[in-house]
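In: Predicted structure and sequence below. I'll ask about it afterward.
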Amino acid sequence: MYKRIRDMREDRDLKQKDLAEYLKCTQVCYSNYEIGKRDIPTEVLIKLAHFYDTSTDYLLGMTDERIPYPKKK
């Protein structure tokens, strides 16, 4: 999972600081998510899925399908 969120950030040419601002945390906190030093809270995982327009299952490595599930109405 940690490699996947780093790869997605790098694919968009973003810095850790950019994601930290979006998540309203420090760059050090976000860095700890990426290296697996800190567990990613569920609400942060959901925000990342929305940001990258993917599913939490993809971020967690449970699927290789990047396309998100249909949104609830």
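Out: Received it, and whenever you're ready, just let me know what you need. Numbers count the residues shown, from 1 in each chain.
In: Could I get the buried residue list for the helix or strand containing residue 3?
Out: Taking DSSP states H and E as the criterion, residue 3 maps to helix 2-11. Within helix 2-11, the residues that qualify as buried are 2, 4-6, 8-9, counting by 16 or more other CB atoms under 10 Å. Heads up, the C-betas are built off the backbone N, CA and C, glycines and all.
In: residue boundaries of the helices in the chain?
Out: With DSSP state H as the criterion, the chain has helices at 2-11, 16-23, 27-35, 42-52, 56-60.
In: Please name the residues that touch the closest residue to residue 55 other than its chain neighbours.
Out: In this structure, residue 55 finds its nearest non-sequential neighbour in residue 68, 4.8 Å apart by CB to CB, 6 or more residues apart in numbering. Applying CB atoms under 8 Å, 6 or more residues apart in numbering to residue 68 gives the contacts 49, 53-55, 58.
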